[in-house]
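Q: Need a 3D model of the sequence below.
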Amino acid sequence: LVNGKLQFVGDSPVRIAYKVAKDMLTKHTSFITVIYGEGVSEEDANEVVRLISNKAGNDVEVSLVNGGQPVYHFIVSVE
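A: Residues are numbered from 1 along each chain as shown. Okay, the predicted model is just below:
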């Protein structure tokens, strides 16, 4: 979901989280926070951060938080 609307459907939470972040990324983006939930491995969460960081470039700070939320694999905040 992006702003309450379904954006992407897929079978890989890692790829979908990356697509959502990439879609929200603009030239004015400064920060991206990836919050990963219950059932997501730290390895998968780090892969999302790696993919986003590669796309966003050095001017965007990407951080990772273990939120432990039970419903969503990932919550992505783009500022």
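Q: only C-alpha atoms for contact and neighbour calcs from this point on.
A: OK.
Q: residue ranges of the strands in this protein, please?
A: In the chain, the segments counted as strands under DSSP state E are 31-36, 61-66, 74-78.
Q: And for Leu25, the neighbour number?
A: 19 (other C-alpha atoms under 10 Å).
Q: wait, I meant Ala21
A: Number of residues near Ala21 (other C-alpha under 10 Å) recorded here: 25.
Q: Would you quantify the distance from it to Ile75?
A: Noted for Ala21: a distance of 10 Å to Ile75, by C-alpha to C-alpha, to the nearest Å.
Q: and what of Tyr36?
A: Relative to Ile75, and taking C-alpha to C-alpha, Tyr36 is found at 7 Å.
Q: Between those two, which is the more surrounded one?
A: Using other C-alpha under 10 Å, the more surrounded residue of Tyr36 and Ile75 is Tyr36, with 26 against 18.
Q: So which elements touch the longest helix along the chain?
A: For the chain, the helix that runs over the most residues, judged by DSSP state H, is helix 42-56. When contacts are defined as 3 or more C-alpha pairs under 8 Å, 6 or more residues apart in numbering; DSSP states H and E, helix 42-56 packs onto helix 13-24, strand 31-36, strand 61-66.
Q: what is the mean pLDDT for it?
A: For helix 42-56, mean pLDDT is 97.
Q: Equivalent analysis for stretch 3-16, please.
A: In this model, stretch 3-16 carries a mean pLDDT of 89.
Q: Buried residues in that stretch, which are they?
A: Within stretch 3-16, the residues scored as buried using 16 or more other C-alpha atoms under 10 Å are 13-16.
Q: Nearest to Val48 among those residues?
A: Nearest to Val48 among the buried residues of stretch 3-16: Val14, at 5.7 Å, using C-alpha to C-alpha.
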